[in-house]
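Peer 1: Turn this into a model:
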Amino acid sequence: MPVPTLDVVTKAGPVNPERREPDSREPENRAAKKERTRQALLDTAMDLSADRGFAGISLREVAREAGIVPTAFYRHFASLEDVGVVLVEESMRMLRQMLRDARRNPSTKDATTSLEILVRQVHSHERQFRFLCRERYSGVSEVRRAIATEMRLFVSELTIDLSRITGLESWSSDDLEMSADLIVSTMFSAVVELLDAGTAGYRDEAAVITRAEKQLRIIMLGMANWNPPRN
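Peer 2: Below you'll find the model as predicted:
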C-alpha cells in the first residue's frame, strides 16, 4: 500500500494500520458474492428445467429468478448452453467419484458394495441425477455432447484401471474398453431405474438393486472366464 502523503494525513487524520484490514478483505467479499450469484444461476437453471427440460428455459427467465438482470448474466456465463455444460460437469463429478469407488478392485464380491455406493449417491443427489438422465438423449445439443464426453471419460478411466488388474494385462485395448463400457452402462442404467423405483409401472428399489447386482456379477464372471484371442 503506498505511503500516505502529508495532505492525506492532514485531511483524514492519522492512519491506523488496523483500518487497512477491511480493504484487504474486500476482494474476497466480492469474489464470494460473485460465486453465490453464479451458484444461484446454476441452481435456478436446474430447478426450472426439472419440468420442461433444459431446452424449455430461457436466459432471461433464469436471470430473473436468480435475482439479476439479464445483462449481468454474462459476467458469469457466456451463454445459457454454458450453464447446461457446467451443470453436467458438476453433476458428473459426483457420479465419477462413485464409479471410482466402485471400480477400485472389480470382482463378484464388490458388486453389492458398488450398488450400495450408487444408491447412496442417487438418494443424496437425486436432482442432479434426474438432470443427467433427462438430458442425455434429448434437448440442447451442447448438453448432450457434454454428457457423452463425460461418459466416454468414465469408460476411458475404467479401461486404464482394468488394464492394471492381474490377469487382464494381456487383454487388448478393445476388449478392456468393451468391458469398461458394459460396467459403466450397467451402473448408469441402474441410476435411471432407481430414480423411478417404487412408482407405478416400475420395479421397487430392492428389485432394481438385485437386478443390477446380477448384471454386474455376470459381467465380472464373464471377464474372469474370458480368453481373449491372441495374435
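
Peer 1: Next, Ser170: secondary structure please.
Peer 2: Assigned by DSSP: H, G, I helix; E, B strand; the rest coil, the conformation of Ser170 is coil.

Peer 1: Skipping its backbone neighbours, what lies nearest it in space?
Peer 2: Leaving aside its chain neighbours, Ser170 sits nearest to Pro228 (6.8 Å; criterion: CB to CB, 6 or more residues apart in numbering). For the C-beta atoms, the positions are set from N, CA and C on the backbone; glycine is no exception.

Peer 1: how about the one you found, what does it touch?
Peer 2: Pro228 makes contact with 170-172, 175 under the criterion CB atoms under 8 Å, 6 or more residues apart in numbering.

Peer 1: where's it relative to Gly167, distance?
Peer 2: Applying CB to CB, to the nearest Å, the value for Pro228 to Gly167 is 11 Å.

Peer 1: ditto for Ala72
Peer 2: Ala72 is 57 Å from Gly167, where distance means CB to CB.

Peer 1: what about those two, which has more around it?
Peer 2: The residue with more neighbours, out of Ala72 and Gly167, is Ala72; 13 against 9, by other CB atoms under 10 Å.

Peer 1: Could you give me the buried positions within stretch 68-76?
Peer 2: The neighbour-count check on stretch 68-76 (16 or more other CB atoms under 10 Å) flags 68, 73, 76 as buried.

Peer 1: Tell me the one among these nearest to Gln121.
Peer 2: Using CB to CB, His76 is the member of those that lies nearest Gln121, at 27.3 Å.

Peer 1: That closest one reaches Leu42, doesn't it?
Peer 2: No: counting by CB atoms under 8 Å, His76 sits too far from Leu42 to count as a contact (9.1 Å).

Peer 1: Please identify the buried residues of the lengthiest helix in the chain?
Peer 2: The residue-count maximum for a helix in the chain (DSSP state H) belongs to helix 21-52. Under the neighbour-count criterion of 16+ other CB under 10 Å, helix 21-52 has 37-38, 40-42, 44-46, 48-49 buried.
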